[in-house]
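Undergrad: Have a look at this prediction, sequence included:
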Amino acid sequence: LEPLDDSSTWFRDYTTSLLSTLLAIPDEDESNKLEFFRLAVLAINNVRWTSISPIQVIILLEELKLMNLMKQDKLPYNFPGLSGNNVLYSGDSTFFTEIDLLYNRVHGLVLYQIQQIRETGQEGVMKKVQENAQHFGILLE
């Protein structure tokens, strides 16, 4: 995959759809809960970009939003006849620990990206990030 740029909004749409699907169709490996979701997040976050892009931060914020959804007792995404995470892992502390570990990793990437945007003085990029963060109920100072 060639490095992406600001015009790569398709990648945001693709990653959101992919992760939402993986949220609804969990893998049932007892030793590695959330393995497909975790590997997808890691792969998405390793994509190269031509420069700092607000899309990178927006994708990370989408990932955080989906991980917050995964911690609910009843998931908003499901397929009839398929047991979701809320059925398979209800009350399982290791499941929530996995979510928390991945969430903290992605949150750290968000903070790093914002720091990079600020340090390079890219006010236009920061403004786009702030506008999109508001959709998630996040206020960035």
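TA: It's in. Residues are numbered from 1 along each chain as shown.
Undergrad: Quickly note the distance from Tyr89 to Glu131.
TA: Tyr89 is 35 Å from Glu131, where distance means C-beta to C-beta, to the nearest Å. Glycine gets a C-beta too; all of them are placed from N, C-alpha and C.
Undergrad: Going by how many neighbours each has, rank the two and give me the top one.
TA: Tyr89 (20 against 12; other C-beta atoms under 10 Å).
Undergrad: Need the nearest residue in space to the residue most central in space within the chain, chain neighbours excluded.
TA: Nearest to the geometric centre of the chain sits Glu63, at 1.1 Å (C-alpha atoms, centre = their mean). Distances taken as C-beta to C-beta, 6 or more residues apart in numbering put Val106 closest to Glu63, at 5.0 Å, once the chain neighbours are dropped.
Undergrad: how about this structure, which residue sits the furthest from its center?
TA: Most remote from the centre of the chain, using C-alpha atoms, centre = their mean: Gly81, at 26.1 Å.
Undergrad: is it fair to say that residue lies in a helix?
TA: No. Counting by DSSP: H, G, I helix; E, B strand; the rest coil, Gly81 falls outside a helix, being coil.
Undergrad: Against Arg118, how distant is Glu63?
TA: In terms of C-beta to C-beta, Glu63 sits 21 Å off from Arg118.
Undergrad: Please apply the same query to Leu18.
TA: 30 Å.
Undergrad: neighbour-wise, which of the two wins?
TA: Leu18 (16 against 13).
Undergrad: So for the helix or strand where the more buried one lies, what gets flagged as buried?
TA: In this assignment (DSSP states H and E), Leu18 forms part of helix 9-24. Buried residues in helix 9-24, counted by 16 or more other C-beta atoms under 10 Å: 11-12, 15-16, 18-19, 22-23.
Undergrad: which residues touch that helix?
TA: 4, 36-37, 40-41, 44, 47, 55, 58-59, 62-63, 66, 69-70, 75, 77-79, 82, 84-85 (C-beta atoms under 8 Å, 6 or more residues apart in numbering).
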